[in-house]
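**Q** Sequence first, then the predicted structure:
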Amino acid sequence: MKPVWIKNAAQLVTVAGENGPRVREGMSDLGLIEDGSVWMENGEVVAIGTTSELEALYGSRAHEADIIDATGRLVTPGLVDPHTHVAYGGSREREFEMRLEGATYMEIMNAGGGIHATTRMTRDASEEELVAQTTRRLDSFLAHGVTTVEGKSGYGLDLETELKQLRVMKRLNDQHPIDLVPTFMGGHAVPQEYKGREDEYINVLINEMLPKVAEEKLAVFNDVFCEVGVFTPEQSERILNAGKELGLIPKIHADEIESYGGAELAAKVGAISAEHLLKASTEGVRLMAEAGVIACLLPATALYLREEAAKGRAMIDAGVAVAISTDCNPGSSPTTSMPLVMNLACISMRLTPAEALVAATMNAACAIGMQDKVGSLEAGKQADVVMWNVSNYQELQYLFGVNHVGSVWKKGVQVVG
Ligand SMILES: N=CN[C@@H](CCC(=O)O)C(=O)O
Ligand SMILES: [Zn+2]
């Protein structure tokens, strides 16, 4: 594989430095280099600096490399999406219309739609069909500058289909350029066949699903939808602790629709991240900051459900490390656009353009335990790089709703542009 030398970038955002969750002012530290240059080789970043610094180091090997002239362009790490439900069957556009006509998200779900509708379509889909549908979504992620994606099961809600979703993600992690990091989410909903027998379902999840998932090493994380009418904080805690005993790291969909003690529970069980948090209490946010739980905020979901976004600004000011994500799923956020999510993080949660970029790179990588490989451009990390058709990071957030991706490299191989 030929080395790649990107040179003359108007701005090179490295996000280099502290290789852990960034908080407060750390969320504004972009490690910015003007007239920047990156040398990548064997899938890794080998050197970063100004173009003249890299000329001095690598000028004599220039003839070996693919040289990319980034004059007038912004170059950043590949974006990381730390929360998706990407491996699902079918679609739910009729529910979109129903919500515009006045139905709420939970009303639709309680009537057998929502997660239950996608569960039926995912159960019905063959593994090959799921691979094909998920591949299209991953291709779209890549086209939007996203090179690492977390993906949850949770549209099976029975052992066979949960395993099918996780195996599809495992296959795609091997086949597709994107790194796909798997999460088990048998705790996404109580399946309809267990209505009124919630604790029986939880027993199946704990005694049959989790052990099998752990035995086959099909997931890194264990997530649960802690919400009024779905799983109580007590049930969620049982599910998360059972996963922990098997080595699965807790994550939690918390305080999305109602304030329900989800942020507090995230701190109590030592979750790596808590998701949504639209209605998180001030005390819950304080406890998350204290326990080092990353807030994974999903402003596209809030917009799509026409809800007020999470209080991202206040969370950063309270010392919480904030990450952002598409929440790509067929109901509340059918998008693969992390650039749009960065725009919305600024517009609806008052993150600064720099904070939104750190939330979509380093902090997102930390939310899925991938910070040793991705999330910043530093020697020894994966050569996951995006060259944008804008000249600075503020412009990237300012020109909103547009895909500014020019080229993308994954592990040093050009995959877009
Ligand atoms: N809120 C729960 N789960 C997903 C939505 C799932 C669906 O509607 O299919 C979310 O994170 O938004
Ligand atoms: Zn989700």
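**A** Done, it's in. Ligands and ions are numbered 1, 2, ... in the order given.

**Q** List the buried residues of the helix or strand encompassing N203.
**A** Assigned by DSSP states H and E, N203 belongs to helix 198-204. With burial defined by 16 or more other Cβ atoms under 10 Å, the residues of helix 198-204 counted as buried are Y201, I202, V204. (Glycine included, C-beta is placed from N, CA and C.)

**Q** Pipe these into CSV and attach pLDDT per row.
**A** Listed next are the buried residues of helix 198-204 as CSV, based on pLDDT from 0 to 100:
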residue, pLDDT
Y201, 98
I202, 98
V204, 98
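
**Q** from those, which is closest to G319?
**A** Of all those, I202 has the smallest distance to G319: 33.7 Å, by Cβ to Cβ.

**Q** Look up which helix or strand the nearest residue to that closest one once chain neighbours are set aside falls in, please.
**A** Leaving aside its chain neighbours, I202 sits nearest to Q235 (5.8 Å; criterion: Cβ to Cβ, 6 or more residues apart in numbering). Applying DSSP H and E as the criterion places Q235 in helix 233-245.

**Q** Pairing partners for the very next helix or strand once past that helix, with directions?
**A** Note on helix 233-245: by DSSP H and E, the next helix or strand toward the C-terminus is strand 249-254. When pairing is defined by DSSP bridges, strand 249-254 lines up against strand 221-226 (parallel), strand 273-276 (parallel).

**Q** average pLDDT across strand 249-254?
**A** Averaged across strand 249-254, pLDDT comes to 98.

**Q** do the same with stretch 97-105
**A** The average of the pLDDT scores along stretch 97-105 is 97.

**Q** Just the helices from the stretch 101-250 of the chain, written as ranges.
**A** Secondary structure of the stretch 101-250 of the chain, counting by DSSP state H, counting those that start in this stretch: helices at 105-110, 115-124, 127-143, 159-175, 198-204, 210-215, 233-245.

**Q** Which strands or helices does the fifth one pack on?
**A** Right, the one you point to is helix 198-204. Helix 198-204 is packed against helix 233-245, with contacts defined by 3 or more Cβ pairs under 8 Å, 6 or more residues apart in numbering; DSSP states H and E.

**Q** For the residue most central in space within the chain, which residues are in contact?
**A** Central residue check for the chain by Cα atoms, centre = their mean: the C-alpha nearest the mean position is that of P82, 1.9 Å away. By Cβ atoms under 8 Å, 6 or more residues apart in numbering, the contact list for P82 reads E150, S273, C296, A323, S325, A364, A365, A367, I368.

**Q** Save the residues you listed as JSON lines, and put in neighbour count too.
**A** Shown next, in JSON lines, are the contacts of P82 (neighbours: other Cβ atoms under 10 Å):
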{"residue": "E150", "neighbour count": "29"}
{"residue": "S273", "neighbour count": "32"}
{"residue": "C296", "neighbour count": "32"}
{"residue": "A323", "neighbour count": "31"}
{"residue": "S325", "neighbour count": "32"}
{"residue": "A364", "neighbour count": "32"}
{"residue": "A365", "neighbour count": "30"}
{"residue": "A367", "neighbour count": "33"}
{"residue": "I368", "neighbour count": "30"}
